[in-house]
Each structure stands twice: as structure tokens, then as C-alpha cells.
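**Student:** the sequence and its predicted three-dimensional model are supplied below.
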Amino acid sequence: YRAALKGYRTLKQQDIAETSTTASTTSTTTTSTTNPPFDPEAMMDCIHNLANVMQIRSPPDLKTAEELHREVLQYGRMKKYNNNNDDDTKKKTNTLLSVHNLAVNILLQYQRAQKEKKTKNQKTKFFESDIDRLNEAEELAREAYYGHTEILGEKHPHTLSSQINLANVLVQRVTVTSGPEFLAEAETLNRAVLEYRTEQLGHNHAQTVVAMHNLAKVYQTQRQYARAEVLYRRALDAMTQQQQHDSSSSSSQNNSKYDHKSG
């Protein structure tokens, strides 16, 4: 991705130089060129993919990923869309995905910073910059969630992902800003995700279990321990059943291979 991006940036500079040369000359003669046309959409796709790799690799480079996410988002915000055009709707959806990715990145950086403070046994102090970062994360998360809901519908995977992230940001905000309204909204969002996941995937699906766990954490933060316990137990039972199922399937496959070899 880095090599491809370097190539795209070179093509961009060449395209700018050629455009400038063409504009400054009065000659009407068409000059042939061997350089391929610069494709900004392809470059943005490359930057988007590189940002995701930087964000999920081990160890992650969240700062670089943030810079790349912002570059893609800036490009998307500069474009004008026609809501009646399917291609433009797709591009608008891609921009919302960039909004979501940036919100996730900011939240991850905030959480990592707080974890590092605890590891160093430092007192957890919150500064104005911390609040500003969470404010930006919430603003972006809401934009992604509302935009995806409007374009794709309430049950689309992109909508649910942005919904989960918004809930996570709201839960995190409680650590710096006292306000039960944040947890109340996070509870509503996570409960809706759990309902959709259960309806679409069933009770024991991995994504449904994650939704149970997220809602249980909200209940725990609200000190609704009885509700949290019920969901934690349901999630644990589902994971245990899935583990047993996977073990049984693996054993059956191994026996089948053994029988085949014996035959």
C-alpha cells in the first residue's frame, strides 16, 4: 500500500505539472504523453486501505492512521453529491465510512492513552484536550450513524457498526463528564443493536454475543448489576455452546480423515 500510494502521489504531481504546462502554453498542438491519467478515487481507496492496516496491525500506528483517515475524509467532503444519482450515493456512503473510521480511531487513541496512565500508576486526570477529542469523536460518530441510517436503513451492517461506535463513545464520555443522559442513550443504542443482531443472526452468533456484552457493560456502568449479570451469563453460555460446537465439528472432521486413510 505504501509503494502504491507513493506511485499515486507521483502521478498526481506529474498531472499537476502537465496541467500547468498546458495552461501556460498558447500552442494548439496536442502533445502525446505516456503517463497514465491520474485517478484520485483510486488513490483515496489506497489511502483508506493503508489507514485501516495501520490501525489494526500489531502494534498499531494510530497517529498515522488518523492522518490518512483525515486526508480521505477531506477529499470526500470536497465533493458535491446528487442524491438522485446512484454513483454519487455510493461515494457519499464511502465518505460516511471515512467519518466512522476517524471516529473509531480517535476513540481508540483516547482509550489507549487512559490505559497507559493506569499502567504507569498515574492519577487519571482529564484535560480540556481530552474532552475536545471525545467531543470530536461523538460529533463524527453521530454524523456516521445518522447518515448511514438515512441512506442505508436502520439494519444495515454499516449503520449498526456506527451505532455501536456511537454507544462506545457515549460510555467513554461518562469518564470525563458526569451525565446519566450519555449512558441512557448508550443503553438505547446497544439494546437496538442486540435486537437487530438477534433477529438477523440468532442468539448464539458471535456478533450477537458482542452486542450482549456491550449492553451488559452499560448496565454495569449504570450499577444495574442484576441486568448486567443476566446478559453476561447469556453471552458466556452462547460462547460455551459455540466452543463445544467447534470442538465437536473439529473432532468429526479428524475422525472422517482417519477413517478415509484407514480405508
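**Tutor:** Right, received. Where do you want to start?

**Student:** in whatever helix or strand residue 141 lives in, what's buried?
**Tutor:** Per DSSP states H and E: residue 141 is located in helix 128-152. Buried residues in helix 128-152, defined by neighbour count with 16 or more other Cβ atoms under 10 Å: 130, 133-134, 137-138, 140-145, 147-149, 151-152. Using the backbone N, CA and C atoms, a C-beta is placed for each residue, glycine as well.

**Student:** closest to residue 61 among these?
**Tutor:** residue 133 (17.6 Å; Cβ to Cβ).

**Student:** spit out the contact partners of the closest one.
**Tutor:** 106, 109-110 (Cβ atoms under 8 Å, 6 or more residues apart in numbering).

**Student:** out of those residues, who has the most neighbours?
**Tutor:** The member of the contacts of residue 133 that has the most neighbours, counting by other Cβ atoms under 10 Å, is residue 106 with 22 neighbours.

**Student:** just the element for that one, please.
**Tutor:** Per DSSP H and E: helix 86-119 holds residue 106.

**Student:** what angle do that helix and helix 128-152 make?
**Tutor:** Helix 86-119 and helix 128-152 meet at an angle of 150 degrees, taking axes from the mean of the first three to the mean of the last three Cα atoms, to 10 degrees as the criterion.

**Student:** helices or strands up against helix 86-119?
**Tutor:** helix 40-56, helix 62-78, helix 128-152, helix 157-173 (3 or more Cβ pairs under 8 Å, 6 or more residues apart in numbering; DSSP states H and E).

**Student:** what residues of it count as buried?
**Tutor:** Per 16+ other Cβ under 10 Å, helix 86-119 contains these buried residues: 91-92, 94-110, 114.

**Student:** residues contacting residue 219?
**Tutor:** The neighbourhood of residue 219, defined by Cβ under 8 Å, 6+ apart, consists of 187, 225, 227-228, 231.

**Student:** assign residue 38 to helix, strand or coil.
**Tutor:** coil (DSSP: H, G, I helix; E, B strand; the rest coil).

**Student:** same question for residue 175.
**Tutor:** Classified using three-state DSSP, residue 175 is coil.

**Student:** thought it was touching residue 114?
**Tutor:** Yes. Here residue 175 reaches residue 114: they are 7.4 Å apart, a contact under Cβ atoms under 8 Å.

**Student:** burial of residue 62, as a residue count?
**Tutor:** Neighbourhood size, residue 62 [other Cβ under 10 Å]: 20.

**Student:** now do the one 5 residues further on
**Tutor:** By the other Cβ under 10 Å criterion, the neighbourhood of residue 67 contains 14 residues.

**Student:** could you do residue 54 as well?
**Tutor:** Residues lying near residue 54 (other Cβ under 10 Å) number 21.

**Student:** roughly how far apart are it and residue 110?
**Tutor:** 17 Å (Cβ to Cβ, to the nearest Å).
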